[in-house]
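[1] Provided below are the primary sequence and the corresponding predicted coordinates.
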Amino acid sequence: MIALCSIGYAKDTHTNFKVDEITSFNGIPWGMAQLDDTNLLVTIKQGALYRVNTVTGKQTPISGLPNIANAGQGGLLDIALSPDFDETSWVYFTYSHPMADGATTALARAKLQGSALVDWQDVFITDAGSDTGKHFGSRIAFDNDGHVFISIGDRGERANAQDLTNHAGKILRLNLDGSVPKDNPFVRRGNVRAEIWSYGHRNPQGLYYDQHTQRLWSNEHGPRGGDEINLIRVGANYGWPIVSYGKEYWGPFQVGEGTSKEGIDEPKKVFTPSIAPGSLLVYRGQLFNGWDGDFLSTALALRHLNNVKLVNGNVSESRHLEDLDERMRDVIELSDGALAISTDSGRILRILPASS
């Protein structure tokens with residue numbers, strides 16, 4: 001399949017939507033998870049966690065976080081409730097774990113008890129350390145079979161993404177306790193890291209497991225152009241930095257060997273110029289007519305909510321909420337089908353169709 005670049009797209013404005021501010025923070029709300037019908041858990045990149053009442057906007061700080069390296073693109077990143085949260089109270093996080101010579105991406109979990117986290121566990125500390133402050137990833141996704149996926153950026157070192165002896169530039173698959181599933185593709189392969197599920201990624205900041213189709217999807221930042229939506233297959237190579245639809249930052253040249261190569265999975269969608277995707281969601285609600293199964297990405301650089309339809313090999317794109325002029329960081333689907341979007345200006349927004 002040849003990837004479709006963003007040459008033409010449909011625009012829309014917030015007049016077609018109802019946009020309500022739930023609350024706002026003095027910081028970047030990086031990740032969100034819906035706790036119940038009226039509460040969200042929100043991570044603040046700078047190293048804080050809050051419960052937010054979606055009706056009143058009240059913010060309640062949650063204690064119990066560890067030391068977090070808030071440097072560059074790092075900090076307290078994604079958050080997700082365990083599939084068995086109702087029984088275990090486990091909440092999962094990705095964050096920048098401090099090291100003597102920089103930081104690395106870590107997956108952790110803790111139990112939520114009232115307004116505190118207890119029994120904090122660093123489930124998996126990745127071998128992706130760097131002092132660059134770049135490309136930590138990182139999003140969390142769960143499948144139906146007791147596994148958790150996390151995305152890791154190349155940490156600003158391009159060769160990492162093709163080097164299977166480290167975790168940078170990879171998507172990892174773990175058991176919920178951080179151990180390695182026996183059926184991972186690189187188990188018992190010498191120096192290859194057994195946690196790797198796919199590789200050749202630049203900086204995947206969107207990761208979503210679609211429970212309806214049992215497929216794992218990611219979106220990731222290209223260099224100058226070449227942002228991608230990818231269907232993640234077991235053991236597959238997604239090409240960075242061998243191939244890319246983007247250009248080098250320091251010249252008008254393609255990266256590596258061009259846009260495609262045998263043995264490398266093609267993206268399902270390419271954005272050129274870059275939109276800078278911050279998260280990914282496959283919408284399954286009923287509120288937004290015609291959006292079932294659509295890919296929703298927040299756009300940081302181009303400041304909009306991006307909608308991509310992939311139907312029988314045909315790809316179409318529309319862009320919404322551009323007139324809000326917000327760097328949009330995370331998007332989640334709420335239990336009633338509404339959307340919650342966080343922005344780098346600190347806002348949490350509820351998005352509904354204008355007719356609702």
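    It's in.
[2] quick one: contacts for the nearest residue to residue 209 once chain neighbours are set aside?
    Once flanking residues are discounted, residue 209 sits nearest to residue 141: 4.1 Å by C-beta to C-beta, 6 or more residues apart in numbering. Heads up, the C-betas are built off the backbone N, CA and C, glycines and all. Contact analysis of residue 141 by C-beta atoms under 8 Å, 6 or more residues apart in numbering lists 80, 148-150, 207-209, 216.
[3] how about residue 309, what does it touch?
    293-295, 315-317.
[4] make it 7 Å
    294, 316 (C-beta atoms under 7 Å, 6 or more residues apart in numbering).
[5] which element is it on?
    strand 304-311 (DSSP states H and E).
[6] Parallel or antiparallel, which strands does that strand pair with?
    strand 295-299 (antiparallel), strand 314-320 (antiparallel) (DSSP bridges).
[7] Redo the contacts of residue 141 as TSV? Include distance to residue 130.
    Below are these laid out as TSV (distance: C-beta to C-beta, whole Å):
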residue	distance to residue 130
80	24
148	23
149	22
150	17
207	20
208	26
209	27
216	25
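[8] Could you provide those residues in JSON lines, with additional columns for distance to residue 345, secondary structure and neighbour count?
    Putting those into JSON lines (distance: C-beta to C-beta, whole Å; DSSP: H, G, I helix; E, B strand; the rest coil; neighbours: other C-beta atoms under 10 Å) gives the following:
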{"residue": "80", "distance to residue 345": "24", "secondary structure": "strand", "neighbour count": "24"}
{"residue": "148", "distance to residue 345": "30", "secondary structure": "strand", "neighbour count": "24"}
{"residue": "149", "distance to residue 345": "29", "secondary structure": "strand", "neighbour count": "22"}
{"residue": "150", "distance to residue 345": "27", "secondary structure": "strand", "neighbour count": "30"}
{"residue": "207", "distance to residue 345": "24", "secondary structure": "strand", "neighbour count": "25"}
{"residue": "208", "distance to residue 345": "24", "secondary structure": "strand", "neighbour count": "22"}
{"residue": "209", "distance to residue 345": "29", "secondary structure": "strand", "neighbour count": "19"}
{"residue": "216", "distance to residue 345": "31", "secondary structure": "strand", "neighbour count": "22"}
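[9] if we can go back for a sec, what's the most buried one of the strands paired with strand 304-311?
    Burial of those is given as mean neighbour count (mean count of other C-beta atoms under 10 Å); strand 295-299 ranks first at a mean of 26.
[10] Provide the contact partners of it at residue level.
    Contacts with strand 295-299, where a contact means C-beta under 7 Å, 6+ apart, come from 206, 219, 229, 275-283, 305-308, 310, 328-331, 341.
[11] centre of the chain versus that strand, how much separation?
    On the basis of C-alpha atoms, centre = their mean, to the nearest Å, strand 295-299 sits 10 Å off its chain's mean C-alpha point.
[12] With only the CA atoms kept, save that strand in CSV.
    Output of strand 295-299 as CSV, limited to C-alpha atoms (Å, rounded to 0.1, in the frame of the first residue of the first chain):
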residue,chain,number,x,y,z
PHE,A,295,-8.7,8.0,13.7
LEU,A,296,-8.5,11.2,15.8
SER,A,297,-5.1,12.8,16.5
THR,A,298,-4.3,15.9,18.4
ALA,A,299,-1.9,18.2,16.4
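[13] In this structure residue 206 contacts residue 227, no?
    No - here residue 206 does not reach residue 227: they are 9.9 Å apart, not a contact under C-beta atoms under 7 Å.
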